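Novice: Predicted model, plus sequence, below.
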Amino acid sequence: MKKIRILYTIPNFDTAGSGKAMLNIAMRLDRNIFEPHIACLNDKGIFFEKVRNSGIPVHIISLYSPARPIGKLFLESWKLSRLIKSIDPDIVHSFNYSADYSEALSVRMAGKKWIFTKKNMSWGGGSANAWKLRSFLANKIIIQNTDMQSFYQGSKKIRMIPRGVNTNEFYKRTPANDFIEKMSIKPGTKIILTVANLVPGKGIEVLIKAFDQLIRDKNDEEIVLLIVGDKENGYGQTLIEQVKNLGLADKIIFTGKQSNISDFHTIADVFVLPTLHKGEGSPVALLEAMASGTICIASNVPGIRDQLISLPDLMFTAGESEELKKKLSMIFDLNDTQKQELRMKIINIVRENYTIENEVAKHEKFYLDCLDKRVPQ
Amino acid sequence: MCGFIGQVNFKNQHEDFSAELFDLAKLSINRGPDHTGFTKGDNFLLIFNRLSILDLSESGHQPKISQSGRYQMVFNGEIYNHLELREQLKEKINYRGQGDAETLVQLFEYWGIEKTIKAIDGMFAIALMDTLENKCHLIRDFAGIKPLFYGCKNGQLVFASQYDQIVKHSLFKAEAMDAQVLRLYLEQHYLPAPFGIFRNTAQLQPGEWITFSIKGVEKKERYWEFPEYYESTISDNKDALQYLDSLFADSVNAELLSDVPLGSFLSGGIDSPLITYYAQKLLSKPIKTFSIGSDSKIHDESEYAKQYAAQIGSEEHLIRMTADDAMTVWDEAMRSIHEPFADFSILPTYVVSKLAKSKVKVALSGDGGDELFYGYERFGSVTKNYSLMNYPYQLKYLLYGLDKVVYKGKHINSIALFKNSGEAHQSLHSRMPAEWLYRLFPDLANTSLPEGYQTYNYQSKDPQALLQNMRKAEFYGMMQKTLRKVDMASMHTSLEVRVPFLKKTFIEGSLKFCSGLNYGLMHGKEYKKKQLLKDILLKKLPHSPIDNVKRGFTVPLSAWIKDGLSEKFISLSHNSLLENFGMSSKNYDVLINEHLNKGADNKWPLFTVFGLQTWMQ
């Protein structure tokens, strides 16, 4: 049987986040049925080495056309459609998280199916019409959380496929000795952990405030907050200033960007994701914590509420530091059996719904459904 | 072969005992020099020193945590059937590595403890922390190959691979000595399970599972026990040899599972040549074999070992040592002892282990053969006059005396004078004359053996039953001492020793053979001993140099004590540790003086005293 060729498109692999998500799926597709290809604008970035070594054919091409003038849009899109025809994918799956619709136009002109993954909750502003057009041109749309459904009311195009986590990398395990030594944290210290791109909207300032309130309440306990993420930008510097003003520089540690997140989970007592109201798509950082058996507290916002729907006590109102502090205190006051029961529930949620294998299987079924095919026996 | 130590405080959570435990963990670093890992909860800490044998990557490291996080485990040993068990869970478990520790912890989670320990076959000491129910399970393998010690009091549990790690812990270092256990040690020259020489310390028995909780010992269970009496089903020699061949092939094959170089101990006897033969059959390259030769014409069997190596086609490594050479490693070998222990054959065991470790990381041994197949003289000694056992003592004494005068003791041995066979059997294992026991430790005069010591407490309705009872007693008696010796000597060199004779399926298979196939009660003729093993060896290696003489490397300890070791033994007088045990230094001076200057051979009482304190240094 001819294999189903999926052409994954992404602008670049400069920031590894979305590129990693795409590559994770592409590499795990059943090669008896599917044949993945990748198209991107350039081969820059450290992560591209991984892409190159994956064995998946990579096309360094631009599939985007200028939006104006409209005549040029159609002409360039027509030219690109010939290029796409020569690659001959069955489906083009876009991981471009912008509102670009030119690629969709080119693919449709080539007579191929075009789908995209809607990663986050951005819709409006100046690109509202672009999103509508992009969605109109798509054959199918993958959404990552239930809240996104409200933007596609009644549409049969959408399919929800939440993100999955690699449980070979994130699982309950003992901490590595060299990591313990490197962190130099006193034995018996309770560790609160957050992992995020440090950008506004992530609510880290709320967490810092809640932490400040918490340690005033529990002044006989050693507690530290580890903030893992690139701190060199403006938002990061603002947070550092906030910590300094609160006099908490010895208790709140900015680790900067780290590659070994799984090691941090082996020492964390609680993981917090305090995203503000706009929400997330399907936050993998939270899934990584859950898969590692770390007790999690997160804001009750789109994306997160799907993952913690069966554990509502672990969610707090976004932006409310007092409520977050109470949740943290509640966790620290649990006895060992209660904590262990909670950890087991959390791990089970991931194992049943949010593994990378779940995610890939759903994509495979989705591709087959797009083409009205069944799994070959 | 690895080492672990752990502590659980069931009552007072959040106590930090890491510093002390990490210090004590260093005492077993030789057992596991490749990696140290730990896992910590609010009320427990498990530390593991790894000797990497299977799955050399990080995914083979321990401690291990089950998929849900509920169970946290440390395990020393090998599970030989783990791949077949792992296969049964492959739909449920996302395995990350290839090692047996990962298989084991997931089995505990999915099957529960009872089903798992009955399914596994291997050698193991396991500590399993159930974080959901706040319980700790300690489990020891059915043959007692791997040691597991513990101390428990006031809601605290400490467990470890070595006894010294328990008694040096702050919770137990001030514990009083148990006089009954001291007596047991002095008579048997080692610490039989379940005893510890200090109060509130103990060790698991072979085939035992103990559950600890806030209540202390919540449950104790022998999940496997050597049967007292087993109905033999194979009485035909040909059938027996065929079946035995399959047992060997299966057992040795399973124990070749290794990601590191593996070899075999090879003596000039019967058991280790058999193991080596079967191993070589399964390997594509010559197996490395390790033998030791001595300068004693009576005891040296290295020539026989060489012959076997040539017939088998192994790559032979022989260390030929004089007694003087062996003396130079005395201190090093004695440092391998971590509990009261007095068997100086630990010295050659240590030497051959060191030789093996220079070439391989795992070695197969022939231990267990003499127990399962009636290889010891004492089977004959005790069964010889079974019919006289119930006679009145005076009559037995008369007959014994007459036989001595008329027949020079040919028909009746002194064993017949004992009250019962069990007592006689037990006495054969003691090299401490009662006279010296009481003179050296006068306080023990009215001290009995511990009530729980029942190894030789058996009744036999006929000679066949007696043989089986003796076999079981040897399994839980002398064999445990041998296994302990090998464990201590080999672990000190970071060598893992495997025992194919003691794989569970092999043990259970060996019970099927009618004892007459191995052991002959033949009046007027020489007893046959472990005949089946000899038969199969001759079948496989027709030129085997078999005789009925049991040799082995030995050391002239008596002479050494008079010579190079005299200072070490003299200095035991007024040793504070020994005096705390109740030793009379005055009488010890008499003992050593008689040995040094009056021609007495007191090596055994002297070495037994030596072994009582050397491990605490």
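Specialist: Right, received. Where do you want to start?
Novice: Not counting its neighbours along the chain, what's nearest B:Ser430?
Specialist: Counting by Cβ to Cβ, 6 or more residues apart in numbering or on different chains, B:Glu187 is the residue found nearest to B:Ser430 once chain neighbours are left out, at 4.5 Å. Glycine gets a C-beta too; all of them are placed from N, C-alpha and C.
Novice: Packing partners of the helix or strand encompassing that neighbour?
Specialist: For B:Glu187, the host element (DSSP states H and E) is helix B:179-188. Under the contact criterion of 3 or more Cβ pairs under 8 Å, 6 or more residues apart in numbering or on different chains; DSSP states H and E, helix B:179-188 touches helix B:434-440, helix B:603-613.
Novice: Tell me where the model's unsure across chain B.
Specialist: B:1, B:12-14, B:296-299, B:521-526, B:547-554 (pLDDT under 70).
Novice: Write out the residues of it neighbouring chain A.
Specialist: B:13-14, B:16, B:18, B:36-39, B:41-43, B:61-70, B:72, B:94, B:96, B:131-134 (Cβ under 8 Å from any Cβ of the partner chain).
Novice: Name only those of those that count as buried.
Specialist: Neighbour-count burial (16 or more other Cβ atoms under 10 Å in any protein chain shown) is assigned, among the residues of chain B next to chain A, to B:18, B:36-39, B:41, B:43, B:61-70, B:72, B:96, B:131-132, B:134.
Novice: Which ones among the residues you listed lie within strands?
Specialist: B:Thr36, B:Gly37, B:Phe38, B:Thr39, B:Lys64, B:Ile65, B:Gln72 (DSSP state E).
Novice: Could you verify my assumption that the first one touches B:Ser52?
Specialist: The one in question is B:Thr36. No: counting by Cβ atoms under 8 Å, B:Thr36 sits too far from B:Ser52 to count as a contact (12.0 Å).
Novice: what's the first-to-last distance across stretch B:162-180?
Specialist: Length of stretch B:162-180, first residue to last, Cα to Cα, to the nearest Å: 21 Å.
Novice: same thing with stretch B:355-373?
Specialist: 29 Å.
Novice: Could I get the full set of helices for the stretch 1-150 of chain A?
Specialist: A:16-28, A:48-53, A:70-87, A:102-109, A:128-137 (DSSP state H, counting those that start in this stretch).
Novice: and of these, who's closest to B:Gln426?
Specialist: helix A:16-28 (64.8 Å; Cβ to Cβ).
Novice: domain assignment for the chain?
Specialist: You didn't say which chain, so I picked chain A. Listed domain ranges for chain A are A:4-164+A:356-370, A:177-353 (source: automatic domain parsing).
Novice: hm, I was asking about chain B
Specialist: B:3-222, B:237-374+B:466-540.
Novice: okay, these in JSON lines with distance to A:Pro312 next?
Specialist: Formatted as JSON lines, the domains of chain B follow (distance: least, Cβ to Cβ, whole Å):
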{"stretch": "domain B:3-222", "distance to A:Pro312": "21"}
{"stretch": "domain B:237-374+B:466-540", "distance to A:Pro312": "47"}
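Novice: what's the neighbour count on B:Ala408?
Specialist: For the record, residue B:408 is Lys, not Ala. 8 (other Cβ atoms under 10 Å in any protein chain shown).
Novice: Surely B:Met129 is in contact with B:Cys136?
Specialist: Yes: look at B:Met129 against B:Cys136 with Cβ under 8 Å: they come within range, at 5.3 Å.
Novice: what do the two both touch?
Specialist: B:Gly6, B:Val8, B:Phe44 (Cβ atoms under 8 Å, 6 or more residues apart in numbering or on different chains).
Novice: ok, of those, which one's closest to chain A?
Specialist: Nearest to chain A, judged by Cβ to the nearest Cβ, of the shared contacts of B:Met129 and B:Cys136 is B:Phe44 at 9.3 Å.
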